[in-house]
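Enquirer: Curious how this folds, go ahead:
(one chain, ligands or ions: 1)
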Amino acid sequence: MIFVSRRERFNAAHRLFKPDYSDEKNLEVFGKCSNPNWHGHNYILYVTVRGEVNTDTGFLIDLKDLSEIINKYVIDKLDHKNINLDVDFMKGKLASSENLAISIWSELDKALKDSNADLYMVKLYETENNIVEYYGPEI
Ligand code: NI
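Expert: A predicted model of the protein is given here:
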């Protein structure tokens with residue numbers, strides 16, 4: 001069993017809020033991320049897959065292929081977008097890093113179905129200090 005990771009980056013806007021809260025209550029619960037006129041983060045995404053090395057190629061998965069999958073199913077949908085308004089897999093969800101990591105996992109898990117590699121971890125840096133890791137619904 002070997003683990004391979006790919007790093008990708010995207011910039012996106014969001015707002016953490018509940019529509020039934022007042023702006024004051026949202027500020028109290030969600031802090032600066034509740035700013036009514038949105039704000040952005042420079043997110044960094046680590047995707048780790050695991051499996052057995054293919055003896056023909058010496059790879060678990062070609063990292064170019066992994067990067068293409070991450071870009072097609074995740075980064076292209078998020079980069080320079082508004083997470084609350086523009087992203088199909090975030091519709092109706094609170095745009096927290098936790099929910100984003102879980103949703104990214106779900107998109108990538110589907111996209112990697114036919115690959116030699118199994119999704120192991122999604123790690124999302126919202127800032128250099130705020131980091132979320134998700135290992136799938138079974139952990
Ligand atoms: Ni924020």
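Enquirer: Only C-alpha atoms from now on, for both contacts and neighbour counts.
Expert: OK.
Enquirer: buried set for the least confident helix or strand in the chain by mean pLDDT?
Expert: Every helix and strand in the chain was compared by mean pLDDT, DSSP states H and E; the lowest is helix 23-30, with a mean of 95. Neighbour-count burial for helix 23-30 flags 26, 27, 30 (criterion: 16 or more other C-alpha atoms under 10 Å).
Enquirer: Tell me who's in contact with the second one.
Expert: It refers to residue 27. 33, 34, 35 (C-alpha atoms under 8 Å, 6 or more residues apart in numbering).
Enquirer: so what's residue 90 up against?
Expert: 83, 84, 100, 103.
Enquirer: which one of these has the most neighbours?
Expert: Among those, residue 83 has the most neighbours (other C-alpha atoms under 10 Å), with 24 neighbours.
Enquirer: sorry, back to before: out of the contacts of residue 27, the closest to residue 112 would be?
Expert: Ranked by distance to residue 112 (C-alpha to C-alpha), those are led by residue 33 at 32.0 Å.
Enquirer: Distance check, that closest one against residue 97.
Expert: From residue 33 across to residue 97, the span is 11 Å (C-alpha to C-alpha, to the nearest Å).
Enquirer: Lovely, talk soon.
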